[in-house]
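1. Sequence first, predicted coordinates after that:
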Amino acid sequence: MNLEEAKNLESKYVFNTYGRFPLVVDRGEGCYLYSTEGKKYLDFLAGIAVNSLGHAHPNIVKCISEQAKKVIHVSNFYHIPSQYLLGKKLCETSGLDRAFFCNSGAEANEGAIKLTRRFQSQKGKDEIIYFSHSFHGRTIATLMTTDKDKYRAGFGPFPPGFVKAEFNDTNDIVEKVNKKTAAFLVEPVQGEGGINIASKEFMNALSDLREDKEVLIIFDEVQCGIGRTGKWFAFQHYDVEPDIMTLAKALGGGVPIGAIVAKKEVSDVLKPGDHGTTFGGNPLATSVGLTVMNTIESDKLIENAVKMGDYLLKKIDFMTGMPNIKDLRGIGLMVGIEFEGLCSDYVKKCFDNNLLINCTRDKIIRLVPPLIVSKKEIDEATEIMKKAF
Ligand SMILES: Cc1ncc(COP(=O)(O)O)c(C=O)c1O
């Protein structure tokens, strides 16, 4: 299918909810995507921090084809071994105790909000504090925790019980917490917000308030989790553990999956019938999730994220001091380049030179390449980025 045909079909048959680049995807391999018109693109967006093992990774291909021959989906009325094994892996790597599986990041956060409300209901605590520049999803409830008015326009009314505080501002959280506060919902490293890294003081303040005010901590690791920042989970860079953690994106390496992982005493408030979803924890998604985590471990991809993240930051250091560049920042393979002005033209120039990156909050370039990325691909990407200025 060529670009013209794709555009015609899209405009005729698909909701007009995405602005798309002129690339019709045919296939991918490693860090590269290939268009139906034979062009090769270096993919430093990775499906927005999803394809951590790159495209068409042999372990994922093998797992999907073998699992599809056995069983793809069954109801949660029956035991699903891969669901339990992935739950075990998530608990062992996070220090949490129980997992619930769903299908996306928004669904995981929606579930985490329900879990919090149920856990705190006896104490009359029902408010969730979220933070400036956050993104937690686009369901009706998670939109209330996503700091972007535009995303809510025309979709109301919305449920009450959500309070905004400033990210990395310890005074503001102390001010916003009250006896109705049930939980903090926070991304340890904000993705859509422009690669904003939580400060140690901020995280410690959340932890202190948890003790003093009986507030739960929910870490949204949908974008920063599963090895990307150089630890299994970004919260492990700090001295604070969550009561609840949410995951999606990279967990399935491209196959849709989400998860809520929680302390036992928290997860215990949900009983059979209290929460559920048809596809959640199905044999295909959970066996792929397990394959992704095992491959990250066996191929030392967390170590690679640390090394390649440092290398990438060094390679883009040529931008420091350029008049249109405000800041360069990153942790592992989550790197942000903040422009003084809009960066959409720059993204387009990179695209025209066959590099896929994106721009978030209008002014921040986000680089989230696959965790398998090598120096060679980083060299190639940064050459294109130099040329695009
Ligand atoms: C931190 C974070 N939470 C939640 C979401 C929502 O995930 P999904 O798009 O899978 O619903 C995203 C998506 O970008 C995200 O970055």
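-> Everything's here; your move.

2. Check the gap between Y84 and the ligand for me.
-> 23 Å (CB to the nearest ligand atom, to the nearest Å). Just so you know, the C-beta spots here come from the backbone N, C-alpha and C atoms, and that holds for glycine as well.

3. Next, I129: secondary structure please.
-> Following DSSP: H, G, I helix; E, B strand; the rest coil, we place I129 in the strand state.

4. contacting residues for it?
-> Contacts here follow CB atoms under 8 Å, 6 or more residues apart in numbering; on that basis I129 touches F162, V163, K164, A165, I173, K176, V177, T181, A183, F184, L185, V215.

5. Just the element for N59, please.
-> Per DSSP states H and E, N59 falls inside helix 58-70.

6. Export the helix or strand following that helix to PDB, keeping only CA atoms.
-> The element immediately downstream of helix 58-70 (helix or strand, assigned by DSSP H and E) is helix 81-94. Only the C-alpha atoms of helix 81-94 are listed here, as PDB (Å, rounded to 0.1, in the frame of the first residue of the first chain):
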ATOM      1  CA  PRO A  81       0.500 -20.500  34.200                       C
ATOM      2  CA  SER A  82       2.200 -17.700  32.300                       C
ATOM      3  CA  GLN A  83       0.100 -15.100  34.200                       C
ATOM      4  CA  TYR A  84       1.400 -16.400  37.500                       C
ATOM      5  CA  LEU A  85       5.000 -16.700  36.300                       C
ATOM      6  CA  LEU A  86       4.900 -13.100  35.000                       C
ATOM      7  CA  GLY A  87       3.300 -12.000  38.300                       C
ATOM      8  CA  LYS A  88       6.200 -13.800  40.200                       C
ATOM      9  CA  LYS A  89       8.800 -12.100  38.000                       C
ATOM     10  CA  LEU A  90       7.300  -8.600  38.600                       C
ATOM     11  CA  CYS A  91       7.100  -9.200  42.300                       C
ATOM     12  CA  GLU A  92      10.600 -10.500  42.500                       C
ATOM     13  CA  THR A  93      12.000  -7.600  40.600                       C
ATOM     14  CA  SER A  94      10.000  -4.900  42.300                       C
END
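
7. Now do the helix holding N59: everything it contacts.
-> Where contact means CB under 8 Å, 6+ apart, the residues beyond helix 58-70 that reach it are 53, 82, 253-255, 283-284, 287-288, 291-292, 294-295.

8. try 6 Å
-> The contact list for helix 58-70 (CB atoms under 6 Å, 6 or more residues apart in numbering) reads G253, L284, S287, V288, T291, T295.

9. Name the nearest residue to the last one, sequence neighbours excluded.
-> Among residues not flanking T295 along the chain, N59 sits closest, at 4.9 Å (CB to CB, 6 or more residues apart in numbering).

10. For that neighbour, the count of nearby residues, please.
-> N59 sits with 16 neighbouring residues when counted by other CB atoms under 10 Å.

11. Enumerate every residue touching P242.
-> Under the criterion of CB under 6 Å, 6+ apart, the neighbours of P242 are I217, F219, F235.
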